[in-house]
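Colleague: sequence first, then the predicted structure, then my questions.
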Amino acid sequence: MKHFVQKMTQTALAVPLAIAMTFTAAQADTLKIALAETPSDELAAFFVALDRAKANGLDYEWTAFSDEELAVQAILSGQMDIGFGTPYSAMQRSKAPIRIIFQLSKLKFFPVAVEEYTDLSQLDGQPIMLHSRGGGTDSIANVIEDRMSMSFGDRSYVPGSSNRVVAMLAGQADATILDLSNKNKIIAEAGDRFNVLPMFDVDASDEALFANLDWIKDNSEQVDILVEALVSVWQDMAEDPTVISRETNPDGPIGQLPAEILAELDGFYTEAVAGGLYDPNGGGRIAAKADLDWYAAAGQLDGNPEEMNIEDFWYLAPLDAAMK
């Protein structure tokens with residue numbers, strides 16, 4: 001993300017080829033949503049919210065891009081209306097008034113290491129395997145170093161938490177950072193070989209919804225319906241995580257996932273809610289402030305976060321209205 005602006009020109013030509021899936025025919029006033037990945041268990045709650053929004057009159061379509069940068073480019077170019085991601089570097093360096101309107105999930109990642117390590121400080125000077133240079137786990141490693149006054153050794157990069165689990169199980173690395181589902185997977189398969197290291201709490205956003213501010217204001221009715229639906233699902237999920245499996249449309253993109261994934265939805269959302277992955281209030285000002293602190297420390301925002309205005313990165317009116 002740090003070098004996103006410089007890559008915009010080359011990625012623009014790649015957008016049409018990167019589109020993995022498209023749902024429904026485009027219509028003039030249809031809300032176009034740019035996903036940064038194909039539908040998975042982690043997107044089930046979002047699709048439940050889309051179903052509730054549709055019941056309240058929202059017409060939408062979604063497109064899954066192969067990575068976040070392409071989804072961001074689609075928003076900046078006006079091809080799509082609302083995107084997934086945390087494009088702080090692009091927001092700061094682009095002249096387009098991109099704003100976040102809802103925090104979908106927090107940065108809840110888990111340092112995992114072979115059993116000889118039980119604390120993050122023991123990884124001082126030790127090599128670590130991460131997702132990609134400049135990516136989310138790279139930024140997490142930067143912040144860990146800053147807060148723990150330590151430095152990891154050599155960094156190697158293996159895209160995808162599931163691929164890093166394979167590498168860890170094969171003995172190709174001693175430490176990595178994984179998402180919730182893959183942390184659970186490696187501990188379930190080889191809990192006697194690996195430890196999940198204690199990690200400080202993070203309120204910053206992993207995934208958020210963002211759009212061009214001019215488009216948001218011109219389409220406030222659509223945005224309000226979507227944000228109200230998201231708030232209702234996130235709050236219901238906080239009280240009972242099984243609402244996601246119960247309201248998943250069996251004919252929708254999540255309902256068509258393999259049966260073994262659907263069978264784990266209740267367990268996934270129960271653990272995710274207990275682990276604080278989702279803010280029932282949509283993040284708001286607390287998340288916005290945490291984001292500025294985190295992404296500045298991670299090197300994706302330039303400047304002192306104490307001197308930044310959250311209104312330059314978030315547009316809070318739809319969330320404030322939904323919370324009344």
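Modeller: Perfect, I can see it now. The model shown is predicted, which means the values in this text are computed figures rather than measured ones.

Colleague: ranges for the strands of this structure?
Modeller: Applying DSSP state E to the chain gives strands spanning 21-22, 31-35, 60-64, 82-85, 98-106, 110-114, 128-130, 155-157, 175-178, 194-196, 205-212.

Colleague: so which of the ones you listed gets nearest Glu307?
Modeller: strand 98-106 (18.8 Å; Cβ to Cβ). For glycine as for every other residue, the C-beta is placed from the backbone atoms N, C-alpha and C.

Colleague: now for the closest one, which elements pack on it?
Modeller: helix 88-93, strand 205-212, helix 213-218, helix 220-239, helix 284-297, helix 317-323 (3 or more Cβ pairs under 8 Å, 6 or more residues apart in numbering; DSSP states H and E).

Colleague: buried residues in the fifth one?
Modeller: Read that as helix 284-297. 284, 287-297 (16 or more other Cβ atoms under 10 Å).

Colleague: could you export that helix as CSV, CA atoms only?
Modeller: Provided in CSV are the C-alpha atoms of helix 284-297 (Å, rounded to 0.1, in the frame of the first residue of the first chain):
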residue,chain,number,x,y,z
GLY,A,284,-16.5,5.3,14.6
ARG,A,285,-14.2,7.9,16.1
ILE,A,286,-12.4,5.3,18.3
ALA,A,287,-11.5,3.3,15.3
ALA,A,288,-10.6,6.4,13.3
LYS,A,289,-8.2,7.6,15.9
ALA,A,290,-6.7,4.1,16.4
ASP,A,291,-6.3,3.8,12.6
LEU,A,292,-4.3,7.0,12.4
ASP,A,293,-2.0,5.9,15.2
TRP,A,294,-1.5,2.4,13.8
TYR,A,295,-1.0,3.2,10.1
ALA,A,296,1.3,6.1,11.0
ALA,A,297,3.4,3.7,13.1
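
Colleague: that helix to strand 205-212, inter-axis angle?
Modeller: Per axes from the mean of the first three to the mean of the last three Cα atoms, to 10 degrees, the angle that helix 284-297 makes with strand 205-212 is 100 degrees.

Colleague: you'd agree Ser132 is up against Pro159?
Modeller: Yes - contact criterion Cβ atoms under 8 Å: Ser132 and Pro159 qualify, at 5.6 Å.

Colleague: returning to that earlier point: so which of the helices and strands packed on strand 98-106 is the most packed in?
Modeller: Stretch with highest mean neighbour count among these: strand 205-212 (a mean of 24; mean count of other Cβ atoms under 10 Å).

Colleague: show me how far that strand is from its chain's centre.
Modeller: 8 Å (Cα atoms, centre = their mean, to the nearest Å).

Colleague: what's near enough to touch Ala297?
Modeller: Taking Cβ atoms under 8 Å, 6 or more residues apart in numbering, we find Ala297 in contact with 142-143, 146.

Colleague: report the buried members of these.
Modeller: For the contacts of Ala297, buried by 16+ other Cβ under 10 Å: 142-143.

Colleague: tell me which of the contacts of Ala297 is nearest to Leu226?
Modeller: Val143 (30.8 Å).

Colleague: excluding chain neighbours, what is closest to the closest one?
Modeller: Nearest non-adjacent residue to Val143, counting by Cβ to Cβ, 6 or more residues apart in numbering: Ala297, 4.9 Å away.

Colleague: now do that neighbour, the pLDDT please.
Modeller: Per-residue pLDDT puts Ala297 at 82.

Colleague: ok, Asp138 next?
Modeller: 85.

Colleague: what do you get for the one 5 residues further on?
Modeller: Predicted confidence (pLDDT) for Val143: 87.

Colleague: can you check Thr22 too?
Modeller: 42.

Colleague: if we can go back for a sec, reformat the helices and strands packed on strand 98-106 as CSV; add distance to Asn309.
Modeller: Shown next, in CSV, are the helices and strands packed on strand 98-106 (distance: least, Cβ to Cβ, whole Å):
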stretch, distance to Asn309
helix 88-93, 12
strand 205-212, 16
helix 213-218, 13
helix 220-239, 21
helix 284-297, 9
helix 317-323, 15
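
Colleague: number of nearby residues for Gly276?
Modeller: 13 (other Cβ atoms under 10 Å).

Colleague: ok, now Lys185?
Modeller: There are 16 residues near Lys185, going by other Cβ under 10 Å.
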